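1. below is the sequence, then the predicted model.
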Amino acid sequence: MTEAARSIDVLLSAYQPHALEQSRERALDYVRRLLNDPFLKQSDLYGSTVDFLAAMEQEGYCANCPGLGACKYRGLRWAVSGESLFGRQVLVAGIGNCSDREKHELQKKTEQLIKTSKIPDAMERCSFETFQTVGDPVIRTAKGLAMACVEDGSSLILGGGTGVGKTHLAIAMIQELTAKGKSAVFVPVVEILDEIRAGFDEGTAYKIQQAVKDADCVAIDDLGAQRKDKSWVDERLFSLIDARYRSGKQTIITTNACSMSQLKEMLGEHGTRIVSRLTEMAQPLFIKARDFRTRKNVQQKLPVGRNRNA
Ligand SMILES: Nc1ncnc2c1ncn2[C@@H]1O[C@H](COP(=O)(O)OP(=O)(O)OP(=O)(O)O)[C@@H](O)[C@H]1O
Ligand SMILES: [Mg+2]
């Protein structure tokens with residue numbers, strides 16, 4: 001209940017008790033009609049009568065919605081909902097975003113998330129739509145699994161040789177999750193470690209690491225390609241993956257390793273501990289397929305009119 005509504009109720013009950021009674025009757029009639037329940041009682045309504053009447057007044061206005069830009073309520077909408085208060089079910093009138101404003105807020109959030117997702121401009125074209133299965137059952141399985149992980153929020157390790165589409169699929173997943181309003185970040189392993197290293201002096205390293213730890217989903221690209229000659233690299237990497245493991249948040253890994261034991265070898269000092277965590281938190285899929293980059297070259301040479309996906 002707003003302060004203003006509370007004051008109006010107090011004034012009415014002190015100086016015009018009859019008017020207050022009439023308002024309460026109107027509010028009850030409205031809620032009975034709204035919920036199609038003629039047996040509701042005054043005691044089922046909790047909070048200020050003014051709030052319920054505000055919801056009633058707005059109902060007609062919103063039925064002829066003028067659009068968010070012209071809305072006199074700026075997309076804020078009174079709504080009646082059930083709540084459990086002091087162990088009793090009551091009805092309250094509260095204010096929230098209407099569906100148009102919610103859509104607008106989600107769009108704003110998505111635009112912001114796209115900026116922070118760190119997907120390189122040249123890779124923005126990588127989506128599930130642009131990922132071709134090229135008649136290869138292994139590629140089809142990889143795509144299906146990546147799409148399923150977007151739906152159920154589970155983690156995934158995509159391993160295999162060069163050019164088989166691991167990074168493409170990881171970016172497609174990040175873009176889909178971002179479009180759903182999740183904070184999802186694409187992190188090339190070499191770059192993020194360089195950034196953390198460079199940020200040590202300016203104190204930004206902590207912020208970068210925190211952002212990677214906090215995101216709903218993180219795709220760590222090219223795990224195993226990091227520098228092998230610095231022990232701080234191994235420590236940072238372990239710390240990032242351990243944080244993802246402990247939070248239970250969705251993590252996508254791409255790597256050139258073709259098995260978990262090969263990945264362990266590629267991860268240096270903390271290889272055993274990292275792979276132990278990854279094995280528990282994510283499903284691995286090692287893709288054996290042709291390098292799409294060479295396939296593309298062949299396709300580009302095909303005369304126009306021939307089936308490029310064959
Ligand atoms: N099935 C596919 N359909 C469409 N494009 C693909 C497919 N597979 C790969 N590509 C394209 O081929 C190029 C190489 O793919 P990608 O970068 O995903 O390979 P990768 O497996 O990550 O290789 P690397 O191990 O070298 O990093 C990219 O331009 C990508 O968009
Ligand atoms: Mg790659």
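-> Ah, there it is. Ligands and ions are numbered 1, 2, ... in the order given.
2. and for Q262, the neighbour number?
-> 16 (other C-beta atoms under 10 Å). Every residue, glycine included, has its C-beta placed from N, CA and C.
3. am I right that it is in a helix?
-> Yes: secondary structure of Q262 (DSSP: H, G, I helix; E, B strand; the rest coil): part of a helix.
4. ok, stretch 244-261 near ligand 1 or not?
-> Yes: judged by C-beta under 6 Å from any ligand atom, stretch 244-261 and ligand 1 are in contact via 254, 256.
5. do the same with stretch 268-288
-> No: under the criterion of C-beta under 6 Å from any ligand atom, stretch 268-288 makes no contact with ligand 1; the nearest approach is 7.4 Å.
6. may I see the buried residues of that stretch?
-> 268, 270-271, 273-275, 277-278, 281-282, 284-287 (16 or more other C-beta atoms under 10 Å).
7. same question for stretch 219-234.
-> Quick answer for stretch 219-234 (16+ other C-beta under 10 Å): 219-224, 226, 233-234.
8. mind putting the residues you listed in CSV, secondary structure included?
-> Shown next, in CSV, are the buried residues of stretch 219-234 (three-state DSSP):
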residue, secondary structure
A219, strand
I220, strand
D221, strand
D222, strand
L223, strand
G224, coil
Q226, coil
V233, helix
D234, helix
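9. report how many residues lie close to G163.
-> G163: 16 surrounding residues under other C-beta under 10 Å.
10. skipping its backbone neighbours, what lies nearest it in space?
-> Sequence neighbours aside, D291 is the residue nearest to G163 in space, at 3.3 Å (criterion: C-beta to C-beta, 6 or more residues apart in numbering).
11. for the one you found, what are its contacts?
-> D291 makes contacts with 161-164, as judged by C-beta atoms under 8 Å, 6 or more residues apart in numbering.
12. distance-wise, check it relative to ligand 1.
-> 8 Å (C-beta to the nearest ligand atom, to the nearest Å).
13. what does G160 give?
-> Applying C-beta to the nearest ligand atom, the value for G160 to ligand 1 is 6 Å.
14. quick one on the thing from earlier: output the buried residues of stretch 219-234 as CSV; include the columns pLDDT.
-> Shown next, in CSV, are the buried residues of stretch 219-234 (pLDDT from 0 to 100):
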residue, pLDDT
A219, 94
I220, 92
D221, 94
D222, 93
L223, 93
G224, 89
Q226, 79
V233, 78
D234, 80
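15. among those residues, which are within reach of ligand 1?
-> Restricting the buried residues of stretch 219-234 to those touching ligand 1 (C-beta under 6 Å from any ligand atom) yields D222.
16. most widely separated two among the buried residues of stretch 219-234?
-> Within those, two members stand farthest from each other by C-beta to C-beta: A219 and D234, at 20.4 Å.
17. so this protein: which segments form each domain?
-> Residue ranges for the domains of the chain, per automatic domain parsing: 3-97, 113-300.
18. single out the most deeply packed of those.
-> domain 113-300 (a mean of 17; mean count of other C-beta atoms under 10 Å).
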